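>>> structure for this input, please:
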Amino acid sequence: MHYDIPFDATGAYAALSFITLLAASLAWILTRKQGRRAALKNSAIAAALVLPFTLGIASTLSHNALTINEKNLSVRAAYFYDYARNIDDFDLARAQFGTYQSIADGQLKWRRNGLGLPGMNAGRYSTTRGKVLFALLTDRSSVLYLPAKTGPSLLVSLENPAAVLAVLEQRASAHAGI
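Numbering: from 1, shown residues only. Predicted coordinates for the structure are as follows:
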């Protein structure tokens, strides 16, 4: 089963545009004493160097999904970050869904390796309670938190987290009965 992750990229695209504009502006400011021609040249070079990077990130931001097969759950976040676990690795009895603010164990503190843009957090994070989790947070009003028995837990935005949790519980009970 494949679940798309809701994502409004407006804030993220604006931040990436700002980064490109900032690089060009800094080059202009730092070289303006060399004359207008040199400043324009350096600004163009800075923008040309930064633009492929920001466009590359921007083109992948909406490629987010959660997939559940017979025994595994996997999350793909912006082509850069992947998270895959066996369903039995989760403590589904302690799973929670709701708003981001309502899930105390899923509060992000430090980004260990990931992407943080307005409207999107993706990658590995430390929590305020000292745990590690993989987050794909795009909509803070509808979140599923899956605590892992060992290793990083999962925090993911979904349109219907209750339905996804029901599928996971069904798959886990089917494996327990085998």
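>>> just the buried residues of the host helix or strand of A48, please?
Per DSSP states H and E, A48 falls inside helix 36-60. Buried positions in helix 36-60, judged by neighbour count with 16 or more other CB atoms under 10 Å: A39, N42, S43, A46, A47, V50, L51, T54, I57, A58. (Each C-beta comes from the backbone N, C-alpha and C, glycine too.)
>>> ok, now stretch 124-141?
Buried-residue list, stretch 124-141, by 16+ other CB under 10 Å: R124, Y125, T127, K131, L133, F134, A135, L136, L137, T138, D139.
>>> show me which pair in the residues you listed is furthest apart.
Across those, no pair lies farther apart than K131 and D139, at 21.9 Å, counting by CB to CB.
>>> picking that back up, in strands only, show me the buried residues of stretch 124-141.
R124, Y125, T127, L133, F134, A135, L136, L137 (DSSP state E).
>>> just these now: which is nearest T99?
L137 (11.3 Å).
>>> how about the closest one, nearest residue that isn't a chain neighbour?
N121 (4.3 Å; CB to CB, 6 or more residues apart in numbering).
>>> partner strands of the strand or helix carrying the one you found, with direction?
N121 belongs to strand 120-127 when assigned by DSSP H and E. Here strand 120-127 has these sheet partners by DSSP bridges: strand 108-117 (antiparallel), strand 132-137 (antiparallel).
>>> ok, now which ones touch the spatially most central residue of the chain?
Central residue of the chain (CA atoms, centre = their mean): A122, 1.9 Å from the mean position. Going by CB atoms under 8 Å, 6 or more residues apart in numbering, A122 touches N64, A77, A78, F80, Y81, G114, L115, A135, L136, L137.
>>> check it and give its pLDDT.
Looking at A122, its pLDDT stands at 93.
>>> not counting its neighbours along the chain, what's nearest it?
Once flanking residues are discounted, A122 sits nearest to A77: 3.8 Å by CB to CB, 6+ apart.
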